[in-house]
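[1] give me the fold of what follows.
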Amino acid sequence: MKKITLFILSLVLLLGLNACSNRYGKESNNDLSVANNNEQDDKVVKENDVRELVWKQLSLEQKEWIDGTWKDGKVSKITLNKNMMTQVGDKSYEGKKVYLIDFPTKSKSIPNNMIVYADKDTLDYIGNGLVD
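    Numbers count the residues shown, from 1 in each chain. Here you go, the predicted structure:
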(Lines give C-alpha, C1' and ligand atoms only; values in the text may rest on other atoms or scores of the structure.)
Protein backbone atom coordinates (compact mmCIF):
# COMPACT_ATOMS: atom_id res chain seq x y z
CA MET A 1 0.00 0.00 0.00
CA LYS A 2 2.85 2.34 0.84
CA LYS A 3 4.48 1.72 -2.57
CA ILE A 4 1.24 2.43 -4.45
CA THR A 5 0.68 5.70 -2.56
CA LEU A 6 4.27 6.77 -3.20
CA PHE A 7 3.93 5.88 -6.89
CA ILE A 8 0.68 7.85 -7.30
CA LEU A 9 2.11 10.85 -5.45
CA SER A 10 5.24 10.80 -7.65
CA LEU A 11 3.14 10.52 -10.79
CA VAL A 12 0.94 13.47 -9.76
CA LEU A 13 4.02 15.60 -8.98
CA LEU A 14 5.64 14.78 -12.32
CA LEU A 15 2.46 15.57 -14.24
CA GLY A 16 2.09 18.83 -12.30
CA LEU A 17 5.66 19.88 -13.03
CA ASN A 18 5.30 19.00 -16.68
CA ALA A 19 2.08 20.97 -16.99
CA CYS A 20 3.58 24.03 -15.28
CA SER A 21 6.80 24.05 -17.25
CA ASN A 22 5.14 24.94 -20.61
CA ARG A 23 8.41 23.96 -22.26
CA TYR A 24 6.97 23.77 -25.79
CA GLY A 25 5.23 27.14 -25.61
CA LYS A 26 8.41 28.86 -24.48
CA GLU A 27 10.44 27.46 -27.35
CA SER A 28 7.99 28.69 -29.95
CA ASN A 29 7.74 32.09 -28.24
CA ASN A 30 11.54 32.37 -28.21
CA ASP A 31 11.64 31.55 -31.90
CA LEU A 32 9.01 34.20 -32.53
CA SER A 33 10.84 36.82 -30.48
CA VAL A 34 14.08 36.04 -32.31
CA ALA A 35 12.25 36.56 -35.60
CA ASN A 36 10.79 39.85 -34.33
CA ASN A 37 14.23 41.02 -33.19
CA ASN A 38 15.65 40.25 -36.63
CA GLU A 39 12.84 42.24 -38.25
CA GLN A 40 13.50 45.17 -35.91
CA ASP A 41 17.24 44.98 -36.62
CA ASP A 42 16.50 45.03 -40.36
CA LYS A 43 14.27 48.05 -39.87
CA VAL A 44 16.94 49.90 -37.91
CA VAL A 45 19.59 49.04 -40.48
CA LYS A 46 17.30 50.13 -43.31
CA GLU A 47 16.54 53.47 -41.64
CA ASN A 48 20.23 54.03 -41.00
CA ASP A 49 20.91 53.24 -44.64
CA VAL A 50 18.29 55.80 -45.65
CA ARG A 51 20.09 58.52 -43.74
CA GLU A 52 23.50 57.55 -45.09
CA LEU A 53 22.38 57.07 -48.69
CA VAL A 54 20.53 60.38 -48.74
CA TRP A 55 23.50 62.09 -47.08
CA LYS A 56 25.73 60.91 -49.93
CA GLN A 57 23.32 62.52 -52.44
CA LEU A 58 23.34 65.95 -50.78
CA SER A 59 25.43 68.78 -52.16
CA LEU A 60 28.59 69.89 -50.39
CA GLU A 61 26.84 73.13 -49.35
CA GLN A 62 23.98 71.19 -47.75
CA LYS A 63 26.41 68.92 -45.89
CA GLU A 64 28.33 71.93 -44.57
CA TRP A 65 25.07 73.48 -43.34
CA ILE A 66 24.17 70.33 -41.35
CA ASP A 67 25.43 70.19 -37.77
CA GLY A 68 27.03 66.75 -37.51
CA THR A 69 26.83 63.83 -39.90
CA TRP A 70 24.21 61.56 -41.41
CA LYS A 71 23.98 59.77 -38.06
CA ASP A 72 22.34 62.86 -36.53
CA GLY A 73 19.33 62.69 -38.87
CA LYS A 74 15.93 61.43 -37.72
CA VAL A 75 13.89 59.31 -40.10
CA SER A 76 10.12 59.17 -40.39
CA LYS A 77 7.61 58.28 -43.08
CA ILE A 78 5.07 60.80 -44.35
CA THR A 79 2.65 61.25 -47.22
CA LEU A 80 3.60 64.27 -49.30
CA ASN A 81 0.84 66.75 -49.96
CA LYS A 82 0.69 69.79 -52.24
CA ASN A 83 1.74 72.24 -49.51
CA MET A 84 4.90 70.27 -48.71
CA MET A 85 6.12 70.11 -52.29
CA THR A 86 7.18 73.69 -53.00
CA GLN A 87 10.87 72.68 -53.02
CA VAL A 88 10.33 69.31 -54.71
CA GLY A 89 10.92 69.27 -58.45
CA ASP A 90 9.12 66.00 -59.22
CA LYS A 91 5.41 66.60 -58.58
CA SER A 92 4.57 62.90 -59.17
CA TYR A 93 5.33 62.24 -55.49
CA GLU A 94 2.20 64.11 -54.38
CA GLY A 95 0.06 61.77 -52.26
CA LYS A 96 2.79 59.13 -51.97
CA LYS A 97 4.59 57.90 -48.86
CA VAL A 98 8.23 59.00 -48.65
CA TYR A 99 10.99 59.17 -46.07
CA LEU A 100 11.46 62.44 -44.26
CA ILE A 101 14.95 62.92 -42.83
CA ASP A 102 15.29 65.77 -40.36
CA PHE A 103 18.89 66.98 -40.01
CA PRO A 104 19.96 69.55 -37.37
CA THR A 105 21.71 72.61 -38.80
CA LYS A 106 24.40 74.95 -37.53
CA SER A 107 21.97 77.87 -37.58
CA LYS A 108 21.59 79.72 -34.28
CA SER A 109 18.12 80.95 -35.23
CA ILE A 110 14.90 78.99 -35.29
CA PRO A 111 14.18 76.87 -37.28
CA ASN A 112 17.51 75.16 -36.98
CA ASN A 113 16.84 72.02 -38.98
CA MET A 114 16.80 70.90 -42.59
CA ILE A 115 14.16 68.53 -43.91
CA VAL A 116 15.01 66.24 -46.78
CA TYR A 117 12.66 63.90 -48.65
CA ALA A 118 13.70 60.55 -50.13
CA ASP A 119 11.86 57.99 -52.23
CA LYS A 120 10.64 55.12 -50.06
CA ASP A 121 11.53 52.43 -52.59
CA THR A 122 14.68 53.66 -54.36
CA LEU A 123 16.01 55.86 -51.50
CA ASP A 124 16.70 58.62 -54.04
CA TYR A 125 16.87 62.23 -52.88
CA ILE A 126 13.65 64.00 -53.89
CA GLY A 127 14.10 67.48 -52.48
CA ASN A 128 13.99 69.64 -49.39
CA GLY A 129 11.01 70.32 -47.21
CA LEU A 130 9.77 73.50 -45.65
CA VAL A 131 10.58 74.12 -41.99
CA ASP A 132 8.54 76.16 -39.52
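[2] number of nearby residues for Val54?
    Neighbours of Val54 under the rule other Cβ atoms under 10 Å: 23. Quick note: C-beta positions are derived from backbone N, CA and C, even for glycine.
[3] leaving out sequence neighbours, find the closest residue to it.
    Ala118 (4.7 Å; Cβ to Cβ, 6 or more residues apart in numbering).
[4] and if you look at Asp90?
    Leaving aside its sequence neighbours, Asp90 sits nearest to Ile126 (Cβ to Cβ, 6+ apart; 6.4 Å).
[5] contacting residues around that neighbour?
    By Cβ atoms under 8 Å, 6 or more residues apart in numbering, the contact set of Ile126 is 88, 90, 93, 98, 117-119.
[6] can you do 10 Å?
    By Cβ atoms under 10 Å, 6 or more residues apart in numbering, the contact list for Ile126 reads 54, 57, 80, 85, 87-90, 92-93, 96, 98-100, 116-120.
[7] could you identify the buried members of the residues you listed?
    Neighbour-count burial (16 or more other Cβ atoms under 10 Å) applied to those gives 54, 80, 85, 88, 93, 98-100, 116-120.
[8] so which of these sit within helices?
    Among those, the members falling in helices (DSSP state H) are Val54.
[9] out of the buried ones among the contacts of Ile126, which is nearest to Lys108?
    Nearest to Lys108 among the buried ones among the contacts of Ile126, counting by Cβ to Cβ, is Val116 at 20.8 Å.
[10] for the closest one, list each beta-bridge partner.
    Per DSSP bridges, the residues bridged to Val116 are Ile101, Asn128.
[11] C-terminal to the lowest-mean-pLDDT helix or strand in the chain, what's the next element?
    When each helix and strand of the chain is scored by mean pLDDT, DSSP states H and E, helix 23-57 comes last, with a mean of 58. Scanning forward in sequence from helix 23-57 by DSSP states H and E, the next helix or strand is helix 60-65.
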